[in-house]
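Student: My questions are about this predicted structure, shown below with the sequence.
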Amino acid sequence: MIRLLASAYDLTILFGLLFMAFAIWTLIDPNMSNTPKVLQYILSCGIAFAYFVGFWSKAGLTTGMRPWKLQIAMVETGDLPTLAAASIRFVALGLTWAALVVTFFQLNLYLATGHINRPVFAVASIMPALSMLMMLLTPQRQALHDILSGTSVFRVKKD
């Protein structure tokens, strides 16, 4: 639950950063009609990547993790995550969140229409479920993205 709260805090900050970036971009292209969608996605992903990977590799925590006293470290050494490990963690976590969003959209579609794309739902729901299961089964309570990147989240002891 604490990780979810930290994620919500980080996503709020990320939304603000994206808002500022796109506000500046609209000075160049006021209604974004000349900006290809792919460029908008690249800008959004680049900002998210810089925020998360930058904080994880330089400080071991994001602004959203600080109030909850959470920190990320390499499992083997206890050091800050390397740039490569933080990047792997970012991609795997992003895929997990994207799969979760697709799962919720499929559930909403089912509630609204009574129909669901079963293969899409099955594939999309596996990744978040597997990630949560890994947190329950691993000794360091590692989610799937932590296992893939060789990192772990832990609580910093109060002084």
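Tutor: Sure thing, it's come through.
Student: Skipping its backbone neighbours, what lies nearest Leu80 in space?
Tutor: Excluding its sequence neighbours, the residue lying closest to Leu80 (C-beta to C-beta, 6 or more residues apart in numbering) is Gly60, at 4.6 Å. In this view, the C-beta of every residue, glycine as well, is placed from N, C-alpha and C.
Student: so how far is Ile72 from Ala59?
Tutor: 9 Å (C-beta to C-beta, to the nearest Å).
Student: and the lengthiest helix in the chain, what other elements does it pack with?
Tutor: Across the chain, the longest stretch assigned as helix under DSSP state H is helix 83-113. Using 3 or more C-beta pairs under 8 Å, 6 or more residues apart in numbering; DSSP states H and E, the elements in contact with helix 83-113 are helix 37-58, strand 70-74, helix 118-137, helix 144-149, strand 151-155.
Student: For it, buried residues please.
Tutor: The neighbour-count check on helix 83-113 (16 or more other C-beta atoms under 10 Å) flags 85-93, 95-97, 99-100, 102-103, 106 as buried.
Student: and for Ala59 and Ile72, which residues touch both?
Tutor: Shared contacts of Ala59 and Ile72, defined by C-beta atoms under 8 Å, 6 or more residues apart in numbering, comprise Leu80.
Student: Looking at these two, which has the bigger crowd around it?
Tutor: Using other C-beta atoms under 10 Å as the criterion, Ala59 and Ile72 rank with Ile72 on top: 23 against 14.
Student: Contact partners for that one?
Tutor: Contacts of Ile72 (C-beta under 8 Å, 6+ apart): 56, 60-61, 65, 80-81, 86, 89, 146, 151-153.
Student: Out of the helices and strands packed on helix 83-113, which is the most enclosed?
Tutor: helix 144-149 (a mean of 22; mean count of other C-beta atoms under 10 Å).
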